[in-house]
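In: sequence? don't have it. structure:
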Ligand SMILES: [Fe+2]
Ligand SMILES: [Fe+2]
């Protein structure tokens, strides 16, 4: 009888109850189930890679906003949202490591692009920063919602824990989106144009981060 830790029961009983335990005995416990086959592994890796990239980018956007507006009256509000993004990112860092998922090769690009987007919209003032937040957070929420739908359609029980994480983060992103609206995002001249341009960029970033 081999020892493993792929399920809670395995850990407590110190015995393997399924074949998959033997294959995955070296794998740390994670909210993501051990992949059944290469198709599921591929699907999961794409999903986790893009989520990680999104949280990474969000962190850089808030860093850019703080570089410009950190000392203004809006500073504490932005800091509050950034702190939540830090938690999201560290969770995905953990999940990627546990499941040996390679992050996107484009992190250096998202590092720069995120910061520039955050800082440049913040230079338009508080309303600019909030318009950026509304655009980005709406895109991330929609992205998480489509993942939630996909996992629910596939096998809600199998992905219970991962779904819990994604739903919690989605709710945070919705809060950020609402915060942006409450703080006059829409009063920025050219709001719709800017919002649409940013969301087009988000769509492109999501598309490439799944693949590269
Ligand atoms: Fe986030
Ligand atoms: Fe967010």
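Out: Okay, I see it. Model, not experiment: these values are computed from the prediction. Ligands and ions are numbered 1, 2, ... in the order given.

In: who's in contact with residue 50?
Out: Taking CB atoms under 8 Å, 6 or more residues apart in numbering, we find residue 50 in contact with 104, 143, 206, 209, 210. Any C-beta I mention is one placed from the backbone N, CA and C, and that applies to glycine too.

In: Now the two most distant members of these.
Out: With CB to CB as the measure, no two of those lie farther apart than 104 and 143, at 14.2 Å.

In: ok so, going back, can you tell me which of the contacts of residue 50 are in helices?
Out: 143, 206, 209, 210 (DSSP state H).

In: which of those lies closest to ligand 2?
Out: The nearest member of the ones in helices among the contacts of residue 50 to ligand 2, counting by CB to the ion, is residue 143 at 11.3 Å.

In: Without its sequence neighbours, what residue ends up closest to that closest one?
Out: Leaving aside its sequence neighbours, residue 143 sits nearest to residue 206 (CB to CB, 6 or more residues apart in numbering; 5.9 Å).

In: near ligand 1, anything from stretch 131-148?
Out: No - counting by CB under 5 Å from the ion, ligand 1 has no neighbours in stretch 131-148; the shortest distance is 6.2 Å.

In: got it, and stretch 101-114?
Out: No - looking at stretch 101-114 against ligand 1 by CB under 5 Å from the ion, there are no contacts, and the closest approach is 12.0 Å.

In: Around ligand 1, which positions in this protein sit nearby?
Out: Looking at ligand 1, the residues of the chain close enough under CB under 5 Å from the ion are 55, 58, 85, 88.

In: still on that earlier bit, and the residue nearest to residue 143, what does it touch?
Out: Residues in contact with residue 206 (CB under 8 Å, 6+ apart) are 50, 54, 139, 143.

In: Apply 10 Å and report the result again.
Out: 50, 51, 53, 54, 57, 139, 140, 142, 143, 146 (CB atoms under 10 Å, 6 or more residues apart in numbering).

In: ditto for residue 44
Out: With CB under 10 Å, 6+ apart, residue 44 has these contacts: 32, 33, 34, 35, 95, 99, 101, 151, 159, 162.

In: cool, residue 88 as well?
Out: By CB under 10 Å, 6+ apart, the contact list for residue 88 reads 51-52, 54-56, 58-59, 140, 165, 168-169, 172-173.

In: From these, pick the one nearest residue 197.
Out: Among the contacts of residue 88, and counting by CB to CB, the member closest to residue 197 is residue 140, at 16.3 Å.

In: what's the burial count for that closest one?
Out: Counted with other CB atoms under 10 Å, the neighbours of residue 140 add up to 26.

In: Please apply the same query to residue 102.
Out: 10.

In: likewise the one 5 residues further on?
Out: Here the number of neighbours of residue 107 (other CB under 10 Å) works out to 16.

In: Put together CSV for the residues of the chain next to ligand 1, with distance to residue 66, secondary structure and pLDDT on each row.
Out: Shown next, in CSV, are those (distance: CB to CB, whole Å; DSSP: H, G, I helix; E, B strand; the rest coil; pLDDT from 0 to 100):
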residue, distance to residue 66, secondary structure, pLDDT
55, 16, helix, 97
58, 13, helix, 97
85, 11, helix, 97
88, 17, helix, 97
